[in-house]
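J.: What follows is a predicted protein model with its sequence.
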Amino acid sequence: MERNILGVDIGGTKCAVTYGRKQGDRLQIVDKIRFATSGVNETIGEILESIAALMQRHGLDASNTGAVGISCGGPLDSRTGVVMSPPNLPGWDDIPIVKTISDRFAVRTGIHNDANACALAEWKFGAGIGTRNMVFLTFGTGLGAGLILDGKLYAGTNDNAGELGHIRLSDFGPVGYGKCGSFEGFASGGGIAQLARFKLSERFQCGERVAWCAPGELDRVTAQTVAEAAAAGDALALEIYRISATYLGRGLAMVIDLLNPEKIVIGSIYIRNRSIMEPYVLQEIEREALSHARRVCRVVPAGLGEQIGDYAALSVAADLIE
């Protein structure tokens, strides 16, 4: 049976409303409207107008639309459908977005934070298909995680399960999640940039030159800057990614020992730099994780690529109708 579903992806700089058709284990993205995120009231207005436009364009109404799913940065309460002051969404203070949409369109509506929504997407339609126990890591600007345990999304008591980025892996190191030496500090775009600036400062203080960064350009260094230099074979850039990958593997070993998953699916930066990072990740897992748990777990790149945001929001809707 084919079901019509809608997804709303709310981001700090841009939003998208997507129309999809779900039939069994297949999900087809049919149409999408994108727009820039602005003030809270303006953005909510754009969301409602975009949903209405897609429904009108494709002949949808409350009788033939299964659900609306929302993917949004946390903190939020998935049970009450309230967004609670995410740092990347100024003004979104206790916004009852689920009720706002369900009241307007009379369609069942649900919400999950973006990491949980992405975990649902990769589990149902991406690299985690067929698993019952899967962990998804964003590994983008920050490090978010979503947990699929015993065949269902596990969000915890108040939607705070899976905050792996907050785990401290070292007393010293880059800052992530407000904590020096955290998992996010070592395994995120922001953390890799911090590592690079530290290592570059060491070189500059010793009077050395680095081909891919001048002393006055430290503030411009990003994870992508380092990745491009590493791909070209630069020894310092490769060393920075080795450090990140080693700590990523160390954190994953903890996850493997604690949760015993079948797969750990990693997105964004890991996908783009897998050939550089994977040997060090697997070496650290081999060294640190329990052998019986390690043998049944595979670490794989995310499968949905640049479309994961669309799939994530639609997956929240798909989960509602299942």
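T.: Sure, I can see it. Please read these numbers as outputs of a predicted model, since none were measured by experiment. Residues are numbered from 1 along each chain as shown.
J.: how close does residue 11 get to residue 192?
T.: Separation of residue 11 from residue 192 (CB to CB, to the nearest Å) stands at 21 Å. From N, CA and C alone the C-beta is placed, and that goes for glycine too.
J.: Who has more neighbours out of the two?
T.: Ranked by neighbour count (other CB atoms under 10 Å), residue 11 and residue 192 place residue 192 first, with 28 against 17.
J.: How much space separates the more buried one from residue 298?
T.: According to CB to CB, residue 192 and residue 298 sit 24 Å apart.
J.: just residue 271 next, same as before
T.: Applying CB to CB, the value for residue 271 to residue 298 is 15 Å.
J.: which residues of this structure fall in helices?
T.: Counting by DSSP state H, the chain has helices at residues 40-57, 97-105, 114-125, 183-186, 189-205, 223-231, 235-259, 269-272, 274-288, 291-295, 308-321.
J.: show me the residues around residue 119 that make contact.
T.: The contact partners of residue 119, by CB atoms under 8 Å, 6 or more residues apart in numbering, come to 128, 134, 135, 136, 145, 146, 147, 148, 153, 162, 265.
J.: Just give the closest residue to it, not the sequence neighbours.
T.: Distances taken as CB to CB, 6 or more residues apart in numbering put residue 146 closest to residue 119, at 2.5 Å, once the chain neighbours are dropped.
J.: Just list the residues touching the one you found, thanks.
T.: Counting by CB under 8 Å, 6+ apart, residue 146 has contacts 115, 116, 117, 118, 119, 120, 135, 136, 153, 162.
J.: In PyMOL, select just the buried ones from these.
T.: The following PyMOL line selects those of those that are buried, judged by 16 or more other CB atoms under 10 Å:
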select buried, resi 115+116+117+118+119+120+135+136+153+162
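J.: which two in the contacts of residue 146 are spaced the farthest apart?
T.: Using CB to CB, the pair of the contacts of residue 146 lying farthest apart is 117 and 135, separated by 14.6 Å.
J.: Is residue 36 in contact with residue 14, as I believe?
T.: Yes. Look at residue 36 against residue 14 with CB atoms under 8 Å: they come within range, at 5.6 Å.
J.: Overlap in contacts, these two.
T.: Counting by CB under 8 Å, 6+ apart, nothing touches both residue 36 and residue 14.
J.: list the contacts for the residue positioned nearest the centre of the chain?
T.: Nearest to the geometric centre of the chain sits residue 138, at 3.2 Å (CA atoms, centre = their mean). The neighbours of residue 138, taking CB under 8 Å, 6+ apart as the test, are 114, 115, 118, 144, 145, 267, 268.
J.: one more time with 10 Å
T.: For residue 138, the contact set (CB atoms under 10 Å, 6 or more residues apart in numbering) comprises 114-115, 118-119, 144-146, 165, 184, 187-188, 266-270, 302, 308.
J.: Share the number of residues neighbouring residue 207, please.
T.: Around residue 207 there are 6 residues (other CB under 10 Å).
J.: picking that back up, next one, pLDDT for the residue nearest to residue 119 please.
T.: In this prediction, residue 146 carries a pLDDT score of 97.
J.: The one 4 residues further on now?
T.: Turning to residue 150, the model gives it a pLDDT of 97.
J.: For the residue lying farthest from the centre of the chain, what are phi and psi?
T.: Largest separation from the mean C-alpha position in the chain: residue 207, at 39.2 Å (CA atoms, centre = their mean). When read as degrees, to the nearest 10, the backbone of residue 207 gives phi 80, psi 10.
J.: Quickly note the distance from it to residue 237.
T.: 20 Å.
J.: And for residue 109?
T.: Distance from residue 109 to residue 237, by CB to CB: 45 Å.
J.: and the closest residue to residue 28 other than its chain neighbours, what are its bridge partners?
T.: Distances taken as CB to CB, 6+ apart put residue 21 closest to residue 28, at 4.8 Å, once the chain neighbours are dropped. Judged by DSSP bridges, the bridge partners of residue 21 are residue 4, residue 28.
J.: Which pLDDT value belongs to residue 21?
T.: With respect to pLDDT, residue 21 has a value of 97.
J.: same deal with residue 74?
T.: Each residue has a pLDDT score; the one for residue 74 is 89.
J.: I'd like to know how many residues surround the closest residue to it other than its chain neighbours.
T.: Setting aside the residues directly before and after it, residue 74 is nearest to residue 113 in space (CB to CB, 6+ apart), at 3.8 Å. When neighbours are counted by other CB under 10 Å, residue 113 registers 25.
J.: who are the neighbours in contact with residue 113?
T.: Going by CB under 10 Å, 6+ apart, the list of residues near residue 113 reads 70-76, 78, 83, 86, 119, 144, 146, 155, 159-160, 162, 312.
J.: how does it look with 8 Å?
T.: 71, 72, 73, 74, 75, 76, 78, 144, 159.
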